[in-house]
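S.K.: just need the structure, nothing else, for what follows:
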Amino acid sequence: AWHLGVWEVTGKVPRLTSETKSQTPEAIEAIDVLLRFIKTNIAPKISGVFQEHAPAQWEVLCGAHNRVLNELGSQFNLRPNLDMGGPFFTVAAKEAGSGVTHIDWNNDCAIYAFIFAVGDWEGGEFCAPQLGIKIPVRPGQVLAVLARVLCHFSAPVTKGRRIVFTCFTDKLLFRHSDPVVVDCTMMF
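M.R.: Take a look at the predicted model:
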């Protein structure tokens, strides 16, 4: 997967992902167009979900957003579409999806990841073997999942082409913004 935006994986301060910055000018322009679409059409809806259904997490995300602005404000001035406004900081993009059962270890277990897909395809359902379910995620739909808690994978795409996007906040960026948040790794 390509990881676009900001994260703190293996670090002590937020930074742009290497895939975000180590690109040709043409690729940076295309990435920024994609991120502008996500910022305009997806991020506000996800903000609303957090505000309504997870206000404590939203408060910490707002603190994380302020911290990121303090660290990366000059880079956001140059590339404003990197600033999603707080509901998530990284967008992973991958064709088809991961067919390997996994847990997203870099995510925080208290924060939802949001998955959406584009294209024209058959198959590719979000599968949660712990729950014994398959959830089709069709164009125009967004699935919220605790990807650090729930094992998951994508069923094979049997026809067509599907690009899947996962919008998330990594655990270090989240935890470094408010260290008193309950450590949910102790709950499982």
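
S.K.: ok, the residue lying farthest from the centre of the chain - contacts?
M.R.: Largest separation from the mean C-alpha position in the chain: residue 159, at 25.6 Å (Cα atoms, centre = their mean). Applying Cβ atoms under 8 Å, 6 or more residues apart in numbering, one finds that residue 159 lies in contact with 121-123. Backbone N, C-alpha and C define where each C-beta goes, glycine included.

S.K.: could you pick out the buried ones from these?
M.R.: Listed as buried from the contacts of residue 159 are 121, 123; burial here means 16 or more other Cβ atoms under 10 Å.

S.K.: TSV for the contacts of residue 159, including pLDDT, distance to residue 155 and secondary structure?
M.R.: As requested, the contacts of residue 159 are exported to TSV (pLDDT from 0 to 100; distance: Cβ to Cβ, whole Å; DSSP: H, G, I helix; E, B strand; the rest coil):
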residue	pLDDT	distance to residue 155	secondary structure
121	94	11	strand
122	94	10	strand
123	94	5	strand
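
S.K.: between the contacts of residue 159, which is nearest residue 71?
M.R.: residue 121 (38.1 Å; Cβ to Cβ).

S.K.: quick one: the residue farthest from the centre of the chain is in a strand?
M.R.: Yes - according to DSSP: H, G, I helix; E, B strand; the rest coil, the state of residue 159 is that of a strand.

S.K.: report pLDDT for residue 187.
M.R.: Per-residue pLDDT puts residue 187 at 45.

S.K.: make that residue 42, sorry
M.R.: Confidence at residue 42, expressed as pLDDT, is 95.

S.K.: that one and residue 114 touch, don't they?
M.R.: Yes - here residue 42 lies in contact with residue 114, judged by Cβ atoms under 8 Å, at a distance of 7.5 Å.

S.K.: have a look at the two and say which one is more surrounded.
M.R.: The neighbour comparison of residue 42 against residue 114 (other Cβ atoms under 10 Å) goes to residue 114, with 22 against 19.

S.K.: distance of the more buried one from residue 54?
M.R.: According to Cβ to Cβ, to the nearest Å, residue 114 and residue 54 sit 12 Å apart.

S.K.: check residue 17 too.
M.R.: Plainly put, residue 17 is 25 Å away from residue 54 if you go by Cβ to Cβ.

S.K.: between those two, which one's more packed in?
M.R.: Neighbour count, other Cβ under 10 Å: between residue 17 and residue 54, residue 17 has more, with 19 against 16.

S.K.: tell me the contacts of the closest residue to that one other than its chain neighbours?
M.R.: What sits nearest to residue 17 in space, not counting adjacent residues and going by Cβ to Cβ, 6 or more residues apart in numbering, is residue 3, at 4.6 Å. Neighbour list for residue 3: 17, 19-20, 90-92 [criterion: Cβ under 8 Å, 6+ apart].
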